[in-house]
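Asks: Build me a structure from this.
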Amino acid sequence: MTKKIDPNVLKELYTILNKSYPVLDINNRKPLAIGTHHELRKQSGLPNSLLRNFMAWYCNSRYRRLIVKGAERYNLKGEVVGVVTKAEAKHAKKYFFDLAEKNRVVKEQQEKVKAETAEN
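Replies: This next block holds a predicted model:
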């Protein structure tokens with residue numbers, strides 16, 4: 001399991017990486033090529049755990065909304081190197097359904113605890 005890193009550290013890392021890789025732009029996100037994290041690790045020399053945390057932070061729900069069938073994928077140089085497939089788009093969409101279900105379950109649990117607390 002990867003150790004969670006302070007979001008401020010990830011933001012600082014983003015600032016550094018964005019200078020070398022302008023395609024990593026949180027204000028203008030683009031679908032990245034499959035395996036970008038491996039290429040980034042080779043080129044940057046950063047530890048795997050730090051890069052995994054960074055990619056999880058960067059590829060958040062705003063990023064996942066970009067993963068639609070036919071959307072262009074970009075490499076670290078900002079070049080188009082492919083497109084999002086139907087299967088990849090389906091996988092990204094599943095993320096939102098899973099997240100909605102998780103949020104529903106958490107809300108139900110919170111309401112149950114609140115009701116139990118009110119009874120006591």
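
Asks: If you count contacts, what does the lowest-mean-pLDDT helix or strand in the chain end up packed against?
Replies: Using mean pLDDT, DSSP states H and E, the weakest-scoring helix or strand in the chain turns out to be helix 86-119, at a mean of 80. Under the contact criterion of 3 or more Cβ pairs under 8 Å, 6 or more residues apart in numbering; DSSP states H and E, helix 86-119 touches helix 61-64. Quick note: C-beta positions are derived from backbone N, CA and C, even for glycine.

Asks: Please work out how many residues are found near residue 59.
Replies: 19 (other Cβ atoms under 10 Å).

Asks: now the residue most central in space within the chain, nearest residue through space, not along the chain?
Replies: Geometric centre of the chain, nearest residue: residue 59, 2.0 Å, by Cα atoms, centre = their mean. Excluding its sequence neighbours, the residue lying closest to residue 59 (Cβ to Cβ, 6 or more residues apart in numbering) is residue 32, at 7.7 Å.

Asks: Report whether the expected contact of the one you found with residue 25 is present.
Replies: No. Residue 32 is beyond contact range of residue 25, at 11.1 Å (criterion: Cβ atoms under 8 Å).

Asks: Looking at those two, which one has more neighbours?
Replies: It is residue 32, of residue 32 and residue 25, that has more neighbours when counted by other Cβ under 10 Å, with 24 against 13.
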